[in-house]
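Enquirer: Could you work out the structure for the sequence below:
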Amino acid sequence: MLTDRFKRRLTKDRPMTSITLRIPQDVVESLKAIAPLKGMGGYQTLLKSYISEGLRRDEAEFLSGAEQRLAEALKARGVDPSIVEAAVRDIHAA
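Expert: The predicted structure is shown next:
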(Lines give C-alpha, C1' and ligand atoms only; values in the text may rest on other atoms or scores of the structure.)
Protein backbone atom coordinates (compact mmCIF):
# COMPACT_ATOMS: atom_id res chain seq x y z
CA MET A 1 0.00 0.00 0.00
CA LEU A 2 1.40 3.38 -1.00
CA THR A 3 1.22 6.22 1.46
CA ASP A 4 0.07 9.63 0.30
CA ARG A 5 3.64 10.89 0.59
CA PHE A 6 4.87 8.24 -1.83
CA LYS A 7 1.91 8.78 -4.17
CA ARG A 8 2.79 12.50 -4.36
CA ARG A 9 6.37 11.58 -5.25
CA LEU A 10 5.13 9.72 -8.30
CA THR A 11 3.52 12.81 -9.81
CA LYS A 12 5.55 14.69 -12.39
CA ASP A 13 4.23 18.18 -11.59
CA ARG A 14 5.59 18.51 -8.05
CA PRO A 15 6.95 21.92 -7.07
CA MET A 16 10.71 22.15 -7.44
CA THR A 17 13.32 24.27 -5.70
CA SER A 18 16.83 25.16 -6.76
CA ILE A 19 19.76 24.47 -4.45
CA THR A 20 23.47 25.09 -4.60
CA LEU A 21 25.59 22.06 -3.85
CA ARG A 22 29.37 22.01 -3.91
CA ILE A 23 30.63 18.75 -5.40
CA PRO A 24 34.21 17.89 -6.30
CA GLN A 25 34.91 18.35 -10.01
CA ASP A 26 36.07 14.75 -10.45
CA VAL A 27 32.73 13.53 -9.07
CA VAL A 28 30.86 15.73 -11.55
CA GLU A 29 33.02 14.36 -14.37
CA SER A 30 32.21 10.80 -13.27
CA LEU A 31 28.50 11.64 -13.16
CA LYS A 32 28.73 13.09 -16.66
CA ALA A 33 30.44 9.93 -17.92
CA ILE A 34 27.99 7.51 -16.27
CA ALA A 35 24.72 9.34 -17.01
CA PRO A 36 24.56 8.46 -20.74
CA LEU A 37 25.56 4.86 -19.98
CA LYS A 38 22.48 4.62 -17.77
CA GLY A 39 20.33 6.23 -20.47
CA MET A 40 20.01 9.58 -18.72
CA GLY A 41 20.14 12.95 -20.42
CA GLY A 42 22.60 14.53 -18.04
CA TYR A 43 24.50 14.34 -14.81
CA GLN A 44 21.90 16.28 -12.84
CA THR A 45 19.28 13.64 -13.63
CA LEU A 46 21.68 10.94 -12.45
CA LEU A 47 22.43 12.88 -9.28
CA LYS A 48 18.70 13.27 -8.54
CA SER A 49 18.29 9.54 -9.15
CA TYR A 50 21.02 8.73 -6.64
CA ILE A 51 19.45 11.07 -4.08
CA SER A 52 16.01 9.53 -4.62
CA GLU A 53 17.34 5.98 -4.26
CA GLY A 54 19.12 6.81 -1.02
CA LEU A 55 16.15 8.70 0.34
CA ARG A 56 13.73 5.84 -0.39
CA ARG A 57 16.09 3.37 1.26
CA ASP A 58 16.51 5.54 4.36
CA GLU A 59 12.80 6.27 4.63
CA ALA A 60 12.05 2.55 4.47
CA GLU A 61 14.65 1.82 7.12
CA PHE A 62 14.05 4.69 9.51
CA LEU A 63 10.43 5.68 9.06
CA SER A 64 8.76 2.35 8.39
CA GLY A 65 11.09 0.64 10.81
CA ALA A 66 10.19 3.07 13.59
CA GLU A 67 6.52 2.46 12.95
CA GLN A 68 7.03 -1.29 13.13
CA ARG A 69 9.17 -1.04 16.27
CA LEU A 70 6.51 1.08 17.98
CA ALA A 71 3.78 -1.40 17.02
CA GLU A 72 5.81 -4.31 18.39
CA ALA A 73 6.58 -2.40 21.62
CA LEU A 74 2.90 -1.63 22.16
CA LYS A 75 1.92 -5.26 21.58
CA ALA A 76 4.67 -6.39 24.00
CA ARG A 77 3.16 -4.09 26.64
CA GLY A 78 -0.25 -5.68 26.31
CA VAL A 79 -1.98 -3.34 23.86
CA ASP A 80 -4.51 -5.32 21.84
CA PRO A 81 -2.89 -6.21 18.49
CA SER A 82 -6.07 -5.30 16.58
CA ILE A 83 -5.94 -1.78 18.06
CA VAL A 84 -2.26 -1.43 17.14
CA GLU A 85 -2.92 -2.64 13.59
CA ALA A 86 -5.88 -0.26 13.22
CA ALA A 87 -3.69 2.64 14.38
CA VAL A 88 -0.99 1.73 11.85
CA ARG A 89 -3.64 1.60 9.09
CA ASP A 90 -4.86 5.05 10.19
CA ILE A 91 -1.33 6.42 9.93
CA HIS A 92 -0.98 5.06 6.40
CA ALA A 93 -4.37 6.47 5.41
CA ALA A 94 -3.52 9.95 6.71
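Enquirer: Run a quick neighbour tally on G41.
Expert: By other Cβ atoms under 10 Å, 9 other residues sit near G41. Every C-beta, even on glycine, is put in place using the N, C-alpha and C of the backbone.
Enquirer: Tell me the spacing between it and E85.
Expert: Going from G41 to E85 by Cβ to Cβ, to the nearest Å gives 44 Å.
Enquirer: worst-scoring helix or strand of the protein, pLDDT-wise?
Expert: Ranking every helix and strand in the chain by mean pLDDT, DSSP states H and E puts helix 4-9 at the bottom, with a mean of 67.
Enquirer: Now the element after it, going C-ward?
Expert: Using DSSP states H and E, the next helix or strand after helix 4-9 towards the C-terminus is helix 25-37.
Enquirer: List the buried residues for the helix or strand just after that following helix?
Expert: Of the helices and strands lying after helix 25-37 in sequence (DSSP H and E), the nearest is helix 43-58. Buried residues in helix 43-58, counting neighbours by 16 or more other Cβ atoms under 10 Å, are found at 43, 46-47.
Enquirer: how about a markdown table for these, with distance to E61 and pLDDT added?
Expert: Shown next, in a markdown table, are those (distance: Cβ to Cβ, whole Å; pLDDT from 0 to 100):
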| residue | distance to E61 | pLDDT |
| --- | --- | --- |
| Y43 | 27 | 96 |
| L46 | 23 | 96 |
| L47 | 21 | 96 |
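Enquirer: Many thanks, have a good one.
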